[in-house]
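1. how would this look folded up:
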Amino acid sequence: MQLEEKILYLIAVGASVGADCQRCLKASIALALQAGATEREVEEARAVGKKIQRSAAGRESRTDGLHEESPSANKGSAACCGAGQIDMREASSK
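-> Modelled structure (predicted):
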């Protein structure tokens, strides 16, 4: 089973908030809306991402190999999403 495009972009919205990547967020919101998401659905995805972000910020970073931070995880890093050039169709086919 494959997730529909709208759901994939809503996931990207939440993940962008969690990663604190404004470029990713802007692109993900636009793509989610183009794929048929409502403003309310986008806000729900943002709220989930914010909840995850707050939860993650409250815990110490783990370095056991399973939770290593990506080199592209810097705030505002263009490397995390190719400066907003997200193609969820390609990502979902892998």
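
2. so where do the helices sit in the chain?
-> 5-19, 22-34, 39-57, 88-92 (DSSP state H).

3. counting by contacts, list what the second one packs against.
-> Going back to what we said before, that points to helix 22-34. When contacts are defined as 3 or more CB pairs under 8 Å, 6 or more residues apart in numbering; DSSP states H and E, helix 22-34 packs onto helix 5-19, helix 39-57. To be clear about C-beta, it is placed using only N, CA and C from the backbone, and glycine gets the same treatment.

4. residues near the closest residue in space to Glu41 that isn't next to it in sequence, how many?
-> When the adjacent residues along the chain are set aside, Glu41 lies closest to Leu10, with 6.0 Å between them (CB to CB, 6 or more residues apart in numbering). Residues lying near Leu10 (other CB atoms under 10 Å) number 25.

5. show me the contacts for Leu10.
-> Contact partners of Leu10, counting by CB atoms under 8 Å, 6 or more residues apart in numbering, are 32, 37, 41-42, 44-45.

6. hmm, 6 Å instead?
-> The contact partners of Leu10, taken as CB atoms under 6 Å, 6 or more residues apart in numbering, are 32, 37, 41, 45.

7. surely the last one and Ala12 touch.
-> This points to Ala45. No: judged on CB atoms under 6 Å, Ala45 makes no contact with Ala12 at a distance of 8.4 Å.

8. what do these two both touch?
-> What both Ala45 and Ala12 touch, as defined by CB under 6 Å, 6+ apart, is an empty set.
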